[in-house]
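*Asks:* sequence and predicted model, in that order:
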Amino acid sequence: MSERINTLDELLNDPMIQLVMERDHVRPAELRMLLEQVRDRAETHRRIDHPVVPPAHVVAKTCLMQWLHR
């Protein structure tokens with residue numbers, strides 16, 4: 001496995017990724033748009049000093065509540 005970071009274009013052009021996306025009915029253009037929206041939202045939150053990912057204890061508490069109510 002390579003240690004280098006791939007660009008989105010490299011990943012979307014990977015034959016294995018394309019097969020999985022085709023199987024899951026994911027269109028590259030839609031995925032790119034979704035990722036750009038998430039990136040833009042993250043940049044907006046960073047500018048107004050909001051954490052992008054909640055602290056681990058908040059995630060754990062949320063997950064615990066979901067697991068208990070199954």
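*Replies:* It's in.
*Asks:* tally of neighbours for the residue nearest to residue 14 when sequence neighbours are not counted?
*Replies:* Closest residue in space to residue 14, ignoring its immediate chain neighbours: residue 6 at 7.9 Å, by CB to CB, 6 or more residues apart in numbering. Yep, even glycine has a C-beta here, placed from its N, CA and C like the rest. With neighbours defined by other CB atoms under 10 Å, the count for residue 6 comes to 12.
*Asks:* which of the three states applies to residue 6?
*Replies:* Secondary structure, DSSP: H, G, I helix; E, B strand; the rest coil: residue 6 is coil.
*Asks:* residue 32 reaches residue 12, doesn't it?
*Replies:* Yes: in this structure, residue 32 is within contact of residue 12 by CB atoms under 8 Å, at 7.2 Å.
*Asks:* so for the two, which sits in the more crowded spot?
*Replies:* Neighbours around residue 32 and residue 12, counted as other CB under 10 Å, are more numerous at residue 12. The numbers are 16 against 13.
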